[in-house]
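**Student:** From the sequence below, what's the structure:
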Amino acid sequence: MEVFDGTLNGLGHRRAVDPAFSIGDAENQLAHLYVLDGNDWLGRGLLGDLISEATIAAYELFIEEWRTEKGGKDACRD
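**Tutor:** Next comes the predicted model:
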């Protein structure tokens, strides 16, 4: 939960203090996280996998909540 909560709090803070931060920025970072998650050729191990999964889950939730707040996916496209 620490990684998930920390990531979610960090995203919320960035949104609050950076007016240029957009859903598109968060989506781009999430896309990068998906690539990193798939590039496990060195083997992260169980802990690394859990950290990656928690970080991705936090980004997914953050983006979905932001979209819902703004009235749906189409209302927030950048």
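**Student:** in stretch 31-48, what's buried?
**Tutor:** Across stretch 31-48, burial judged by 16 or more other CB atoms under 10 Å covers L33. Bear in mind the C-beta positions are built from the backbone N, C-alpha and C, glycine included.
**Student:** do stretch 24-31 as well
**Tutor:** A26, E27, L30.
**Student:** Contacts only, for the second one.
**Tutor:** This means E27. Going by CB atoms under 8 Å, 6 or more residues apart in numbering, E27 touches I63.
**Student:** Quick check: pLDDT value at W41.
**Tutor:** At W41, the model reports a pLDDT of 67.
**Student:** same for the helix or strand where H13 lies, what does it pack against?
**Tutor:** Per DSSP states H and E: H13 is located in helix 2-17. When contacts are defined as 3 or more CB pairs under 8 Å, 6 or more residues apart in numbering; DSSP states H and E, helix 2-17 packs onto helix 45-70.
**Student:** what's the angle between the helix it packs on and helix 2-17?
**Tutor:** 30 degrees (axes from the mean of the first three to the mean of the last three CA atoms, to 10 degrees).
**Student:** that older thread, please convert the buried residues of stretch 24-31 to a markdown table, extending it with pLDDT, secondary structure and distance to N9.
**Tutor:** Output for the buried residues of stretch 24-31, formatted as a markdown table (pLDDT from 0 to 100; DSSP: H, G, I helix; E, B strand; the rest coil; distance: CB to CB, whole Å):
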| residue | pLDDT | secondary structure | distance to N9 |
| --- | --- | --- | --- |
| A26 | 98 | helix | 14 |
| E27 | 98 | helix | 19 |
| L30 | 98 | helix | 17 |
